[in-house]
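In: Mind folding the following:
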Amino acid sequence: MNLPELFADIPLIAIILFGIGVVLLIVEMTMPGFGLAGGSALVAFALAIVFAADTFLEGLIFTGIVLAISAVIVITFLVLLSKGKFSAGFILKAKNSNSEGFSSAAADLRFLIGQEGVAQTALRPAGKVAIGGNVYDVVSSGAFIASGDSVRVMEVQGNRIVVAQPVKAGV
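Out: Predicted coordinates for the structure are as follows:
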């Protein structure tokens, strides 16, 4: 069996399915998505092979051809991507600056140490506490604290605020 004879008997539907598969593979690589186009490309390639191959050997040959063409498309895409040809849709260029109110560092919350507030949610051990008109995510020092109970800030480590119920005098 020689190669020209192998391709001479390929039905038109197999050629169309193969072309659809190539287009869908390119769409999958250039547009972000959930893999629908890539999965559809695989189905189109598989159906093209089924329609084109008369024997198992022909099926293997066509599968190798499909894999080789797919590899060339993927490699070409990756080379173009590395040279910046497709970078507009794949690289985030927006910046969040401090002047716009964005900050990657946690605010210094050490000023809260010793302040008292009211539990807005039950602390088991995490929850929310209102202190000085602001609501903070906190953790209790281990004990359960019911919603509405008074709490005191015992410790602050970065953005982790540890609270406990204040000790009542005379108890």
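In: quick one: least confident helix or strand in the protein?
Out: Lowest on mean pLDDT, DSSP states H and E among the helices and strands of the chain sits helix 87-90, with a mean of 59.
In: what's the next secondary structure element after that one?
Out: Counting by DSSP states H and E, the next helix or strand C-terminal to helix 87-90 is strand 116-119.
In: In this structure, where is pLDDT below threshold?
Out: Where the chain drops to pLDDT under 70, the residues are 1-7, 32, 85-93, 97-106, 169-171.
In: Kindly recompute the last result at 80.
Out: 1-10, 29-34, 81-107, 167-171 (pLDDT under 80).
In: all helices for it, in order.
Out: 3-8, 12-30, 36-52, 56-82, 87-90 (DSSP state H).
In: Only the buried residues of the fourth one, if you could.
Out: Looking back up the chat, that one is helix 56-82. 58, 61-62, 65-66, 70, 73, 77, 81 (16 or more other Cβ atoms under 10 Å). Every C-beta, even on glycine, is put in place using the N, C-alpha and C of the backbone.
In: try the third one
Out: The neighbour-count check on helix 36-52 (16+ other Cβ under 10 Å) flags 37, 40-42, 44-45, 47-49, 51-52 as buried.
In: rewinding a little: mind giving me JSON lines with the buried residues of helix 56-82 and columns for distance to residue 149?
Out: Output for the buried residues of helix 56-82, formatted as JSON lines (distance: Cβ to Cβ, whole Å):
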{"residue": "58", "distance to residue 149": "77"}
{"residue": "61", "distance to residue 149": "75"}
{"residue": "62", "distance to residue 149": "72"}
{"residue": "65", "distance to residue 149": "72"}
{"residue": "66", "distance to residue 149": "67"}
{"residue": "70", "distance to residue 149": "63"}
{"residue": "73", "distance to residue 149": "63"}
{"residue": "77", "distance to residue 149": "59"}
{"residue": "81", "distance to residue 149": "56"}
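In: now, among these, which is nearest to residue 22?
Out: residue 73 (6.9 Å; Cβ to Cβ).
In: Great, nothing more from me.
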